[in-house]
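**Student:** Sharing a sequence plus its predicted fold:
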Amino acid sequence: MFYRIRPSLTFSTVRLFLWSHYVTNVTFYSILLNRLEVYCLDKGKLILDILEGLNNQEEPKFYDFEIDKQTFGEIVEMIQEKGFISGASIYRECLENKVISVSLYNAKIELKGLNYIENNIMSHI
């Protein structure tokens, strides 16, 4: 049994749905909530964590945040396009445009990224 999750759903909505349908399979419940976390991801917090990692001379990876490579690649691409970082490499598959690899090895945080950290650090604690 597979349920498609819409991004507008919240954890409480999913829990109510599962309870109302008497889903007792704990593994299924856990997987469903993990899928929902990707949709409910606080992208501002993720951006802040990536920028702080780069500022601390670390190389953040997608598995550090328990998200998939595609989501991580899209967020890194976005913060690079906005000028928060430079030097990030996102490799995509030709036909499906799917993220194959994300490298922050040569990535550097820019002044705009430092300003983002400074302005948002208190709101994400």
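**Tutor:** Yep, that arrived. Numbering: from 1, shown residues only.
**Student:** in the chain, what spans have low per-residue confidence?
**Tutor:** Residue ranges of the chain with pLDDT under 70: 1-41, 124-125.
**Student:** which stretches of it form strands?
**Tutor:** Secondary structure of the chain by DSSP state E: the strands cover 85-86, 89-92, 99-103, 108-109.
**Student:** May I see these arranged in CSV, with distance to residue 62 and mean neighbour count as well?
**Tutor:** C-beta: built from backbone N, CA, C; applies to glycine. What follows is the strands of the chain, written out as CSV (distance: least, C-beta to C-beta, whole Å; neighbours: other C-beta atoms under 10 Å):
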stretch, distance to residue 62, mean neighbour count
strand 85-86, 15, 17
strand 89-92, 11, 14
strand 99-103, 7, 16
strand 108-109, 18, 18
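**Student:** Mind putting these into TSV with distance to residue 65?
**Tutor:** Compiled in TSV, these are given as follows (distance: least, C-beta to C-beta, whole Å):
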stretch	distance to residue 65
strand 85-86	16
strand 89-92	16
strand 99-103	12
strand 108-109	17
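**Student:** Pop the domain breakdown of the chain in here.
**Tutor:** Using automatic domain parsing, the domains assigned to the chain come out as 1-40, 43-124.
**Student:** what sits against residue 48?
**Tutor:** When contacts are counted by C-beta atoms under 8 Å, 6 or more residues apart in numbering, residue 48 touches 116, 117, 120, 121, 124.
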